[in-house]
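> okay, here's the prediction I keep looking at, along with the sequence it came from:
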Amino acid sequence: MRNPWAQTGNYRTSYQQDTSIFATHRELVSLLLFLGFLLVLPQFLSRTQVFILDLILVYSVAVLGLNITTGYAGLINIGQAAFMGVGAYTAALVAPQGIPFWLVVPLGGLVAAFFGYLVGIPSLRVKHLYLALATLAFQMVFEWAVGHMPLLKQGGAMDMPRASFLGYEAGFRNHFHFWYYVSLVTLVVLAFFFRNLLRTRYGRALVAVRDNDRAADAMGMDPGRTKLFAFALGAFYAGVAGVLYAYLSRAVVIEDYTFAVSIKLLAMAIVGGLGTLVGSFLGPAFLELLDVNMEALSNFIKALGFSVAGVDVASALRPLAFGLIIVLFLMFEPRGLYNWWRIVRSYFRTWPFKY
Amino acid sequence: MSFLFQLLFSGIVLGLVYALAALGFVLIYKASRVVNFAQGQFIAIGAFLAYWAMVSLGVPFLLAAALALAFTALLGFGVERVFLKRMVGQPIISVIMATIGLASLLDGLIHLTPYGAGNFSYPSFLPPGGLTEAAFHCATPLSSFLPPGGLTLLGVQISYAQLLAVAFTLLFLLVFTWFFQRSTLGVAMRSVADDQMAALSLGVSVERVFALAWAAAGLTAAAAGMVVGTISGLNLDGLVHIGLRVFPVVILGGLDSIPGAVVAGILIGVLENLAAGFLDPFIPGGGTRDVFPFLVLLLVLWFKPHGLFGTEEIERV
């Protein structure tokens, strides 16, 4: 019997082993260790730092959804932020009625999933680019509709109540910590679901339809229903992320769910690695930290007193860096950060051998 | 009645701008199947470059326009050579994302100039004498003025700026039509759009055609930007937004149809204006023109996905 702790490389000798989630004990243990690390991490960080972590977690949830629609099913979605917005506005309408947050979170997801289903309907007829434009149109119509609804304060700030859980109140001091843990648990649950999705026939149908929908049809899958399922599921993730974002920022404003955010989410998915689980965390983390650092950099430039009349460095640097990162990744590492992660991991897995 | 005519006319002027912007989009799509999300930024760059040339360099209008056209054409050419050339054969999502990244990059670059925020308007370049002398007397652009007011026809107020915009657009479209119907390069570009393999085997450089399509798109974008600038002033967000309005236009006209782009551009412009004129009073806050084109886009996608003139893709197993 091989020692499971000291093996090099993957040894999968039975079908059962091949379909297991964790190939090695080391993988499982390192994941648990990492989760433990994430649990204690906020204790060593300041409130603003925890806030950034919160954002990364929330965006990771939305990007996971995007990786289902766009990564697995290959349906380009440039309206993911609108689905986030649907979830957030659901929360803004429901939460003040006194409904606890752990009910609001799935509810927002379900409402968003319904809208995702509706938006997915054109996918029964059109593909690729046409479909991308349908989601773009949904994004535009959503922004406009919210901006014209008195019920939603025409896009202005709608207050979100503070939450409490089992007698633990999220107050001013621990607000970000509270939502850190809620987001973390949500993310872990949804990521687990995401990881398992490909092991079910529904998940494999998504990939089959992406690769060749006519062949999938011939094999007995229903491409239309599969696409609608992908849209609804992706939108569910986005809706959940939207509710979390709404609670986290304590207000729902339309600016948080615009076309620019949709693009940001798509960029996160691509930079992380489309259709990969680890990429869904690496992408948001990378781009959020980039954003924060660009803000710091532009403040630094401002402090130097180096400025030209009429030029706002902050509003220039952020899109500049963002665009540059996307283009560079697409040109030189189209498989995203996930590929780097894969290389590092396989180095350790096969150590001391090269491969 | 004159209200309707007024809406129709200003809709047509707006539609011509859309037609120009959509033309560039369709050219790129036809040649290389690349979806250009950076069209809005090209429009803004062309418009602001002409502004900069006129105001900061004191160059006469026609020269400034030529400068802007040349620069955006070069920019389009360069962008294709540096970025898009590597994306050939990549999945469509990567190509879309590449142009989105490019749009963001250009956005950042524009923000590095003083034109990132605020409103600007072209110095009037027509001397009080009227249109005929315009071409000759623009050495001192800042001191001359476009005549205020304009013509009145059928109860429709038509400003000289609008007239000029229409004339300029029509001229541009004519030149483009000639180019594609008669010139060797234009025919080569059409052949690539028609069948890349066949074009390659007949000695057409497909690579060069791709780059040229981007250059042509840069030209049309700059033209569209300057037309918008003359009619309604310059504002980065407004100009970039036209880049998004292109999508309803190209979907309605058919993604790969040049006449479709022109016809649908005018249609969308008119529809948008009619919606603004007749629906706004019923909607709190108004602003129907911002959403109407996208509703049209959704409807077209549901009922006639390949648009008015687009070729339907027939898939075979």
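In hand now; what should we look at?
> what's the weakest-modelled helix or strand in chain B?
strand B:150-153 (a mean of 64; mean pLDDT, DSSP states H and E).
> in terms of contact, does B:Val270 touch B:Gly11 like I think?
Yes: proximity of B:Val270 to B:Gly11 meets the contact threshold set by C-beta atoms under 8 Å, at 3.6 Å. C-beta coordinates here come from the backbone N, C-alpha and C atoms, glycine included.
> residues from the stretch 201-350 of chain A in reach of chain B?
A:214-215, A:218, A:259, A:263, A:266-267, A:270, A:274, A:308-312, A:315-327, A:330-331, A:334 (C-beta under 8 Å from any C-beta of the partner chain).
> quick one: which of these sit in helices?
A:214-215, A:218, A:259, A:263, A:266-267, A:270, A:315-327, A:330-331 (DSSP state H).
> before we move on, back to that, please indicate which of the residues of the stretch 201-350 of chain A next to chain B are buried?
A:259, A:263, A:266-267, A:270, A:274, A:312, A:315-327, A:330-331, A:334 (16 or more other C-beta atoms under 10 Å in any protein chain shown).
> contacts only, for B:Ala66.
Not one residue lies near B:Ala66 by C-beta atoms under 8 Å, 6 or more residues apart in numbering or on different chains.
> what's the helix or strand for it?
helix B:61-82 (DSSP states H and E).
> tell me which helix or strand comes right after that helix.
Assignment by DSSP H and E places the next element after helix B:61-82 at helix B:92-111.
> could you say what helices and strands that following helix packs with?
helix A:128-147, helix A:259-272, helix A:313-332, helix B:39-55, helix B:236-253 (3 or more C-beta pairs under 8 Å, 6 or more residues apart in numbering or on different chains; DSSP states H and E).
> can you name the element that comes right after it?
strand B:119-120.
> for the residue nearest to A:Ala321 when sequence neighbours are not counted, what are its contacts?
Leaving aside its sequence neighbours, A:Ala321 sits nearest to A:Met294 (C-beta to C-beta, 6 or more residues apart in numbering or on different chains; 5.1 Å). A:Met294 makes contacts with A:314, A:317-318, A:321, as judged by C-beta under 8 Å, 6+ apart.
> B:Gln196 reaches B:Val206, doesn't it?
Yes: contact criterion C-beta under 8 Å: B:Gln196 and B:Val206 qualify, at 5.7 Å.
> if you count surrounding residues, which of B:Val270 and B:Gly11 has more?
B:Gly11 (23 against 19; other C-beta atoms under 10 Å in any protein chain shown).
> which helix or which strand is home to that one?
According to DSSP H and E, B:Gly11 maps onto helix B:2-32.
> which stretches of chain A form strands?
Residue ranges of the strands in chain A, as given by DSSP state E, are A:158-159, A:164-165, A:168-169, A:251-252.
> so which residues on the stretch 101-250 of chain B come close to chain A?
Counting by C-beta under 8 Å from any C-beta, the residues of the stretch 101-250 of chain B near chain A are B:101-109, B:111-118, B:244, B:247-248.
> so what's the residue count around A:Pro96?
The burial count for A:Pro96: 12, using other C-beta under 10 Å.
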